[in-house]
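**Q** Everything below, folded, please.
(chains A and B)
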Amino acid sequence: MEKLTNLIEKKFPNALHVESPKLTFSIDYKELHAFISFLHSYSEHPYDYLVYLIGNDEGEILSVSYLLSCSTNPSLEIVVKTGTSDRENPLLYSITDLYETAHLNERETYAMFGIRFINNPDMRRFLLNDDWVGFPLRKDYNMDPAINPVSIISKDMVDTAPRIMETPEGLKEEIINIFEADDYIINIGPQHPSTHGVMHFRTALDGEIVKKIDVHSGYIHRGIEKLSENLTYPQILHFTDRLDYLSANINRHGLCMCVEKAADIEVPQRAQYIRTIMDELTRMSSHLLAWSAQTNDLGATTAFIYGMREREIILDIFDKTCGGRLIMNQNVIGGVMFDIYADFQKDVKAFIIYMRDKLKEYDRFFSHNVIALGRMVKIGILSKPDAISYAVTGPAGRASGWSCDVRKHQPYALYDKVEFTEVTRSEGDSYARYLNRLDEIEQSLHIIEQLIDNIPEGDYCAKTKAIIKLPVGEYYQNVEAGKGLFGVYIESRGEKTPWRLKLRSPSLSLVSVMPLICKNEKISDFIGIGGSMDYVIPDIDR
Amino acid sequence: MLQNYSQPLEFTNLTTWIDSTLGANLPSFWSIAIEMVLVAVALLAVYSLTAMILIYVERKITAFFQARIGPNRVGKYGIFQTVADVIKILLKEIIHVNKVDKFLFYAAPFFMIVASMLTFGAIPFAQGLHAVDFNIGVFYVTAVSSLGIIGVLLAGWSSNNKYSMIGAMRSGAQFVSYELSAGFALMTMVVLTGTMQLSEMIESQRFCWNIFNGHISAIVAFIIYLISGHAETNRGPFDLPEAESELTAGYHTEYSGLQFGFFYLAEYLNMFIIASIAATVFLGGWMPLQVRGWDAFNQIMWYLPSYMWFTIKVFLLIFFSLWVRWSFPRLRIDQLLNLEWKYLLPINLVNILVMVLLVLAGWTLNDIF
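**A** Residues are numbered from 1 along each chain as shown, chains lettered A, B, ... in the order given. So this is what the prediction gives:
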């Protein structure tokens, strides 16, 4: 780290080293691309993994911060910040050529802050319509509903995209066509049984073969990040359950930890145990649903019901613990809202035995079925460099051979105390992702086994102040949700509400990689691959 | 020969009584005319009743496969569920879609239903319960049942919907391919029995069902017929034309109300028709299980009327079809065509030759014993 800092100071004298919990550099936007590409190709440990890209309205200037990390060692982190004071026509440089995941994030930043990125190949707004007036996450945004009325008029899709490219003659604004003139385009979604929510893929077909996919999202965008800016931290907690509703408990755990770390709240040991066990139960229920949905996408409806049957038992345990089944509201700042019930251990242990048995049944019933293998093996191959470039984490990233489990690399709660294996595979196809989920269920069972008998007595929630104010600063926390890395970024200015709250969604990366891995596959495989990626749309449309 | 055994519960008793009563009291023109109307009404009634029973059976059996309960609200065990569904679908509004090719769109469901009805008429349900007994019966059912594909193609084409279009194109490719295999499998059995007439085919299987008579070759043909029959009826794992997780509902996406009901009905009936043809050609149709020389045993077997034998065989095959449908994931279109053109068809062609050799060399079971 020292070495890198010295090197940066020598090569980029203008880069400003900012004191912060994380190594942070602030740099002029003109030098940004060179700076990040230097880090990206740093020989000792290349910072080839873009964890988040966050736009921010700091009053005078509009800034963007990037969290770069190293794919071989995700615990190494560097924050790079840049910004512009031009609020009328803010322009920054794109890093899409270095990190593919930047593409959709930059488009989102454009929609929310109006910052356009030079050299981004497709600078449409993401999550919002092209004709949206104003930029919602700016502090001076006018929320008057009359400005952006709800329209019931049917609009045609426009398949053109503006962009700004840097040419030797200067900046050039141009408009490109996304599809060729005679492409046969079908809309898969927003109302479609296999997009797992209101996702919209505009798909160009050549017969049965997928030529190109254009991702549209935002059909259930709720502006959670904007809403949060006017709510206190305990109030914001409720939103996290409604992002990736299948990892509800884990997401909430992430936000709680971020606030606890910032406010210096000690979480009692008993709460840590309950949180970890509940997280693993949530992960299993998420993976079971993913398994079910994937088999259903491949046309096996019976397998779908089998997965639901097992998930039901987990939901019953949730139900008895905290009253919620899907949206659990279990974690609160400082611990958990409810203590576990008397028979909790007994129920969970019974479930462990039952689930192991059912995993064998899944294996017999589906995993080796010849048709299933034909539909999954060597289909939708995601290579490891692509997985890193698109920041595809979670079971999907690990199926491409990338060890990216937050529980291993940046352990939180009790994950450094339990023993478990990070499941990785190197094939990168649908089948590897499929098997990874089943194996992770087994690992989750193993983790719970180690904790369930040792839950210590004591408080299940720390006493907190009625109004929690975080000290000035920036806080960030990663957790491993069912779909991958879920991150919570809070910038506090000492108020009881956050100045900026950003939720880093794992599903966005999963969707952004779909056009790449589905190219030249059959349309049925496009659906099958979608099932194997297991994205949840509300997680993208925050 | 049949009359050697006592058959108290047979329908022939009823039909001969009706025929003789009408014949005694009316001029022959009128008696034939009335009989024709009766047959038509009976067929239609049986057609819709079979569909209703099949839908109920499928829902219930599927529920058991899937660890569910299935319909259980309307009547005990939900037996009137399908009746309620039929009433609902009859009352439902037919949504008229603006941008369809009107004539073809409305004509398409009729192709489906007429094709399946025409085939239905030629099935020998029981001894004496056989509306049309052509001397080219096998050829007729193969020909007429393929008319249904016209309905599917028209529906997909005229809907002006891209999903429907893809579904219809898939369906066309699938149907044309698997029709070949089904036809060849039946041809193999025609070689064995030496007749195309369904009644004669059943008669020839009196003591030894075709599947045993032609042993190796017949079993291969039977399996191929089941696979291709399954594919022809568009049911999983061959349900690509509908593929609800990919194409929402494929060729019938735009249909509603009774028009959709026609497609639905025809689909279920096709399943029944394929099973009946398989039962007739391979498993002796309505013929009870009989052994040459065991007269007492044969008499006991005849106490169970022939329509029951037919029903049992058909339902066993249908159960098998459901079992397959609810166990396997869906094939992809190229895998589907590979299976047909690279495996089933070549095997079939060789199989016909083998069957010809078997028959010529006298190696069928009937010849040996």
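**Q** As a check, name the ranges of all helices in the stretch 151-300 of chain B.
**A** B:162-193, B:198-204, B:210-213, B:215-232, B:244-247, B:257-282, B:295-303 (DSSP state H, counting those that start in this stretch).
**Q** Tabulate those helices in TSV, adding columns for mean neighbour count and distance to chain A.
**A** Just so you know, the C-beta spots here come from the backbone N, C-alpha and C atoms, and that holds for glycine as well. TSV is the format used below for these (neighbours: other Cβ atoms under 10 Å in any protein chain shown; distance: least, Cβ to the nearest Cβ, whole Å):
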stretch	mean neighbour count	distance to chain A
helix B:162-193	22	4
helix B:198-204	21	34
helix B:210-213	22	25
helix B:215-232	22	13
helix B:244-247	24	5
helix B:257-282	24	16
helix B:295-303	14	36
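**Q** TSV for those, including mean pLDDT?
**A** Output for the helices of the stretch 151-300 of chain B, formatted as TSV (pLDDT from 0 to 100):
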stretch	mean pLDDT
helix B:162-193	86
helix B:198-204	84
helix B:210-213	82
helix B:215-232	88
helix B:244-247	68
helix B:257-282	87
helix B:295-303	79
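**Q** Tell me which of those sits nearest to A:S20.
**A** helix B:244-247 (47.5 Å; Cβ to Cβ).
**Q** Output the set of residues of chain B in proximity to chain A.
**A** B:65-68, B:162-163, B:166, B:170, B:236-237, B:239-240, B:243-246, B:248, B:326-335 (Cβ under 8 Å from any Cβ of the partner chain).
**Q** if we can go back for a sec, now the helices of the stretch 151-300 of chain B as a markdown table including distance to A:R138?
**A** Output for the helices of the stretch 151-300 of chain B, formatted as a markdown table (distance: least, Cβ to Cβ, whole Å):
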| stretch | distance to A:R138 |
| --- | --- |
| helix B:162-193 | 40 |
| helix B:198-204 | 78 |
| helix B:210-213 | 77 |
| helix B:215-232 | 58 |
| helix B:244-247 | 41 |
| helix B:257-282 | 50 |
| helix B:295-303 | 86 |
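**Q** and of those helices, who's closest to A:R125?
**A** helix B:162-193 (26.4 Å).
**Q** The closest one versus helix B:257-282: what angle between them?
**A** On the basis of axes from the mean of the first three to the mean of the last three Cα atoms, to 10 degrees, helix B:162-193 is oriented at 20 degrees to helix B:257-282.
**Q** sorry, back to before: among the helices of the stretch 151-300 of chain B, which comes closest to A:K483?
**A** helix B:244-247 (19.9 Å).
**Q** and A:V488, what is it in contact with?
**A** Residues in contact with A:V488 (Cβ atoms under 8 Å, 6 or more residues apart in numbering or on different chains) are A:240, A:254-255, A:257-258, A:475-477, A:479, A:501-504.
**Q** Looking at chain A, what residue ends up closest to chain B?
**A** Distance from chain B to each residue of chain A (Cβ to the nearest Cβ) is smallest for A:G299, at 2.8 Å.
**Q** Roughly how far does that residue sit from B:I61?
**A** As judged by Cβ to Cβ, to the nearest Å, A:G299 and B:I61 stand 18 Å apart.
**Q** Check B:L336 too.
**A** The value you get for B:L336 to B:I61, if Cβ to Cβ is used, is 25 Å.
**Q** who's more crowded, these two?
**A** B:L336 (20 against 16; other Cβ atoms under 10 Å in any protein chain shown).
**Q** returning to what we had before: what about the residue of chain A closest to chain B, how many neighbours?
**A** With other Cβ under 10 Å as criterion, A:G299 counts 29.
**Q** is it true that it touches B:P237?
**A** Yes - at 6.6 Å, A:G299 counts as touching B:P237 under the criterion of Cβ atoms under 8 Å.
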